[in-house]
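[1] return a 3D structure for these sequence lines:
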Amino acid sequence: MPTVVRNIDQFNAYFRQKSFHPLVSIGDLSNAAGSLFEPTDFGCYCVILMENSFGEVIKEGTSLRYKPGTIFTAKPGEVISLKRDYSVKPRGKMLVFRPEMIENTGLGRDFYIFNYFDYEVYEALLLNDSERKVMLNCFANIEAELRTENDELTGHMLRLQIGQMLSYCRRYYDRQFDTKQLRTSDFIKKLEKLLDGYYAAGSELPREYGVPSVAWCSGQFHLSPNYFGNLVKKEAHISALEFIHNKIVEKAKSLLIEPDKSVDQIADQLGFAYANHFTRLFKKVTGVSPTAFRKRDTI
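    Sure thing, here's the model as predicted:
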């Protein structure tokens, strides 16, 4: 069974360091006890910068042999561990903050933009040299605030600095989407081809899976839904779900031009369990019902 870390004191015990705040801490991996790298749910949001390569990170059963300068994230409830190379001394930083730190705050309200906490381990963030310096500075600023005597602004300042670090991570992920071997423009073309194939003549996919979902599409690219969604948003400037819906409606329009099938039959062909769900989506995208579109097109 994995270890479950229930408070910041328990986290700090791995580093033999005192607690400066009950909800936030930073650990230096070079000072960590070996048990830190055993399967553990830290009960916190974690941002981990690996400054050198000393093993293989495992998150929720999936592993990655990473490069120096890689950032991993984890959220409460996720189990992470590291299969160590004992010939290399660990170097890196680990920020943890309890969920209570952001509850009912501006940072908590905006936390949805940091959905990389839901990424798979193989979708980790690889920093360039200048980005590593910025992130190390973020760690240093948070650590300096932790060591400053607590006052009424301590929580506010920590949230600002955590928010800044997380925002830099989001910016660097956007850069990674642009520079990754899988270019976003090629990615969109492949996604369009995937959806065209989904509805190609003779395809059994709509009957088997229904309407294509974000989860199904992301799985075809071996990406997590959130990473996949951010790639789509980066190139197409709409959400992955909107992109899929637009392609479904595009296919529906071509079917509605043909008079030999009813709206119910077209809905079934497209994978909708209920025709009214198809009608609702079509009207949401086009502003008219399928029946009205068909009549307008035949005038």
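
[2] what confidence value was assigned to the nearest residue in space to N150 that is not next to it in sequence?
    Residue nearest to N150 in three dimensions, not counting chain neighbours: H21, with 7.4 Å by Cβ to Cβ, 6 or more residues apart in numbering. Every residue, glycine included, has its C-beta placed from N, CA and C. pLDDT, H21: 97.

[3] residue contacts, H21?
    Counting by Cβ atoms under 8 Å, 6 or more residues apart in numbering, H21 touches 8, 146, 150, 154, 158.

[4] angles on the backbone of V79, please.
    With angles defined as degrees, to the nearest 10, V79 sits at phi -100, psi 120.

[5] who touches stretch 137-147?
    Applying Cβ under 8 Å, 6+ apart, the external contacts of stretch 137-147 come out as 20-21, 24-26, 49, 93, 95, 154, 157-158, 161-162, 164-165, 168.

[6] give the rounded mean pLDDT of it.
    In this model, stretch 137-147 has an average pLDDT of 97.

[7] where does the residue nearest to N150 sit: helix, strand or coil?
    Using DSSP: H, G, I helix; E, B strand; the rest coil, the secondary structure recorded for H21 is coil.

[8] that one and N230, how far apart?
    Distance, H21 to N230, using Cβ to Cβ, to the nearest Å: 31 Å.

[9] and for G287?
    The gap separating G287 from N230 is 28 Å, by Cβ to Cβ.

[10] which of these two has more neighbours?
    Using other Cβ atoms under 10 Å, the more surrounded residue of G287 and N230 is N230, with 24 against 9.

[11] buried residues in the strand or helix carrying the more buried one, which are they?
    Using DSSP states H and E, N230 maps to helix 225-236. Of the residues in helix 225-236, 225-233, 235-236 count as buried by neighbour count, 16 or more other Cβ atoms under 10 Å.

[12] now stretch 240-247
    So stretch 240-247, judged by 16+ other Cβ under 10 Å, has buried residues 240, 243-245, 247.

[13] what's in contact with that stretch?
    With Cβ under 8 Å, 6+ apart as the test, stretch 240-247 has contacts from 191-192, 195-196, 212-214, 217-218, 225, 228-229, 232-233, 236, 238, 281, 284-285.

[14] and the gap between the closest residue to W216 other than its chain neighbours and Q220?
    Nearest non-adjacent residue to W216, counting by Cβ to Cβ, 6+ apart: Y209, 5.9 Å away. Y209 is 11 Å from Q220, where distance means Cβ to Cβ.
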